[in-house]
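Student: Okay, structure incoming, though there's no sequence with it:
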């Protein structure tokens, strides 16, 4: 891809004089035919091949193991009767069954992730366009790196920052939203005085998934054929009109899959939610009220250290639900990318 | 509708590299002017400066004047977007927007200026432009199908329809037939001869027979050498260029001695 | 001249839509004006797009600023070289030595697990991989990239719980959890680097009669080593900040524990969370030695350490690429 055009003799004999390098090509072609009828590998080569293949197969085994062990450890919770569960698991006191316990958690997880997505996607598209079509060529890669720095910050630091800095900062804004737009159900209810609500969580998650969405969108925007961009410009389109006519229609599926990847990240994010959100177990769309929602990941982290054996089993069952949700989201993202590849390959 | 172009002392740069040097020429209205010359001599680059498409390449810039009807295209108060609106362009490879239907492709440029064009007007304009590009009869039954489903020659005529739909003053064509088969090429050449009744046309071509067939005037560009800027060697009536050119280099090129 | 009606050889319909240009206007005006609305939209969008970039920089700057300004207060040699053993209430003491030990050991062990598996898988995919197995591996490496970190933690816990019995908490469980997250990153980056090695190089070596495995080790790996090292360091930088899986597999501790295979350990990210979670210390008004915000101060200082560590890894990774990459003629 990059300028690796020269097969520099780095591996063979770096100290060799240039004359010997010049004499190599004919030698190679002389030996060529003999290699064509290469016999079955023997000895070390064979061992090495099988080791490498084994490592590849191990990946499959590991992934299967993830699924199997999670199911095995979730089994007690999945098979136990509702009454048994409610009696033996302290944190299920207010639920009548496992489904009743998982339901609000799934709801909270999806709500937080969707909020993050709604906030992040427009900004990410704009940043990607800025880097691909507005920023000077020389600055572009540096700017991309700066955005990637956002991904380098550990999630626990985002949690700390969100709880200690962002939540107090946005609280007045949320109050204002609640008082002026309170008639919209989303902003109804009593606005939390601490700002530790799901909308704040959404903002932090949005910041965290911004880099991945930006990176993928930037790549697809840069792939827009120059041919069509010039066609639009030659018709007298302004830069924005050119983007609307060519870049955005071309990048649409790429942006969709980027958003799905971001969604997958947001669904599984634990620490930011755990540290910021004041939790609750309701099917609630109130974005500004405290004690309404909780996500699967944050709930596991919060309850796991103190949980009984059956409690752990319940938590692992919720983890399994999270695993399945993210799996579906990520696989559909990949499927969209793959379809796009076919499409652009045909062109 | 058709205008005269005067180029005065034009130098074209990519960054620090001077690609084309000291061009001085005129393009007559309602005629076809062909640019010929060996690869890399800067004829396409020069063509792209006539509608300010050159400057969309990062680092590219121009010194000198290109006047259309006495107005310098590179004057500070002239808007490049308006320039491209008035001077249409057809590219080497046909490039109808693959995400749009045939009709929407024709209307793409018009919609930029006139968002709320009435349905009837739009239909009339599509028909008029496609007829103008000799494509109407072939596509009138599938105007709502994607333009990418057409053959290469049809796609190129669709691009011409798209360019003339906005009623430009000048039409620039950058090797419009180089990606097409001989029959499609013939169709485009016929079209060019028809269009010159209404438009000032400038065409870059690799094919000297084509230049001889379609153009009224011909300009020959040449490279002084490797790493040297391209230069305009001579420009004259096509018949003169192909029978009795003033410069030896032109004669060498025409007679196939190099290039 | 511009006003001359054009003799149309085409359809006689004279569409009013062609009055996009007012023929009464002369060319000079036409070239100078674009519909002001279009120009405004263009400018507004340019502003919005540039603004979005600036907007994204705000959290980055805010995080950097708050972590540095809050963290630098307690960030000193004492803090780096003492554990939390015997530290209680609001007393002005305590550090992260035990957490650094835990983070370094657990991450190193995770690297030790991930690099051989990841690198060999990459070699398999690039040098040998074709057919259904290679396709499956590629696909499932993608799937693995998307595993939420908490699920990786649950997996490691479940694995050891099934083998060693429930309630197990030790460093190596955390290492396994981290390696589940790390392996796909190592595979992806190594694969990319190995694919960059030009084929002529392999063919040249094979033609000299060098056996295949030596070609891979001595030629392909040697050429790609800088890129692979960089990829591994980026992967380490990514998992070193993981909190959730360590919280549920390794737990928390106040003392130094060097043994990966026995007992709870502290790690830097978990330390940050733990200090944050303890919240303000209720100090009595007459106790001057009690610092109410000590836990938050420690959390910020530990966060600063963690960010510095991540940045250092990223920086070194970039330097490795710059100085040890195979020379190419540009």
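Tutor: The structure has been received and is ready for your questions. Predicted model only: the values in this text are computed from it and were never measured.
Student: Give me the distance between the nearest residue to residue A:134 once chain neighbours are set aside and residue A:240.
Tutor: Leaving aside its chain neighbours, residue A:134 sits nearest to residue C:49 (5.8 Å; criterion: C-beta to C-beta, 6 or more residues apart in numbering or on different chains). C-beta coordinates here come from the backbone N, C-alpha and C atoms, glycine included. To residue A:240, residue C:49 is 9 Å away according to C-beta to C-beta, to the nearest Å.
Student: Likewise for residue C:110?
Tutor: 47 Å.
Student: More neighbours: which of these two?
Tutor: residue C:110 (27 against 22; other C-beta atoms under 10 Å in any protein chain shown).
Student: give me the low-pLDDT residue ranges for the chain?
Tutor: Assuming you mean chain A. A:1-41, A:340-347 (pLDDT under 70).
Student: Not quite, go with chain C.
Tutor: Ranges of chain C meeting pLDDT under 70: C:1-25, C:325-330.
Student: so where does residue 253 fall, helix or strand?
Tutor: By default, I'm working from chain A. Using DSSP states H and E, residue A:253 maps to helix A:248-268.
Student: my bad, the chain I had in mind was chain B
Tutor: helix B:248-254.
Student: Okay, residue B:245 and residue B:22: tell me how far apart.
Tutor: Residue B:245 is 19 Å from residue B:22, by C-beta to C-beta.
Student: what about the residue in the stretch 51-200 of chain A that chain B sits nearest to, how many residues close to it?
Tutor: Distances between the stretch 51-200 of chain A and chain B by C-beta to the nearest C-beta are smallest at residue A:137, namely 4.8 Å. Per other C-beta under 10 Å, the neighbour tally for residue A:137 reads 8.
Student: Please name the residues that touch residue B:27.
Tutor: B:4, B:5, B:6, B:7, B:33, B:170, B:200, B:202, B:217 (C-beta atoms under 8 Å, 6 or more residues apart in numbering or on different chains).
Student: picking that back up, quick one: the residue of the stretch 51-200 of chain A closest to chain B and residue B:60 touch, right?
Tutor: No - the pair residue A:137 / residue B:60 is not scored as a contact, 11.8 Å apart, by C-beta atoms under 8 Å.
Student: I'd like to know how many residues surround the closest residue to the residue of the stretch 51-200 of chain A closest to chain B other than its chain neighbours.
Tutor: Sequence neighbours aside, residue B:58 is the residue nearest to residue A:137 in space, at 4.8 Å (criterion: C-beta to C-beta, 6+ apart). Using other C-beta under 10 Å, the number of residues around residue B:58 comes to 10.
Student: Repeat that for the one 10 residues further on.
Tutor: Per other C-beta under 10 Å, the neighbour tally for residue B:68 reads 26.
Student: The stretch 101-250 of chain B against chain A: which residues are in contact?
Tutor: Within the stretch 101-250 of chain B, the positions near chain A by C-beta under 8 Å from any C-beta of the partner chain are B:108, B:109, B:112, B:113, B:159, B:162, B:163, B:166.
Student: Against chain C, how distant is the fifth one?
Tutor: Going back to what we said before, that points to residue B:159. According to C-beta to the nearest C-beta, to the nearest Å, residue B:159 and chain C sit 17 Å apart.
Student: swap in the third one?
Tutor: Going from residue B:112 to chain C by C-beta to the nearest C-beta gives 7 Å.
Student: got the buried residues for the helix or strand where the residue nearest to residue A:134 lies?
Tutor: Per DSSP H and E: residue C:49 is located in helix C:36-71. For helix C:36-71, a neighbour-count test (16 or more other C-beta atoms under 10 Å in any protein chain shown) marks C:38-39, C:42, C:45-46, C:49-50, C:52-53, C:56-57, C:59-60, C:63, C:66-67, C:70-71 as buried.
Student: Pull the residues that contact the next helix or strand after the helix holding residue A:253.
Tutor: Using DSSP H and E, the helix or strand that follows helix A:248-268 in sequence is helix A:271-276. Residues outside helix A:271-276 that contact it (C-beta under 8 Å, 6+ apart) are A:112, A:155-156, A:158-160, A:162-163, A:166-167, A:196, A:200-201, A:204-205, A:208, A:294-295, A:297-298, A:301-302, C:243-244, C:269, C:273, C:276-277.
Student: Among these, name the ones in helices.
Tutor: Counted as lying in helices by DSSP state H, out of the contacts of helix A:271-276, are A:112, A:155-156, A:158-160, A:167, A:200-201, A:204-205, A:208, A:297-298, A:301-302, C:244, C:269, C:273, C:276-277.
Student: who's in contact with the residue nearest to residue A:307 when sequence neighbours are not counted?
Tutor: Nearest residue to residue A:307 in three dimensions, chain neighbours excluded: residue A:315, at 6.0 Å (C-beta to C-beta, 6+ apart). Contacts for residue A:315 (C-beta under 8 Å, 6+ apart) come out as A:299, A:300, A:303, A:304, A:307, C:154.
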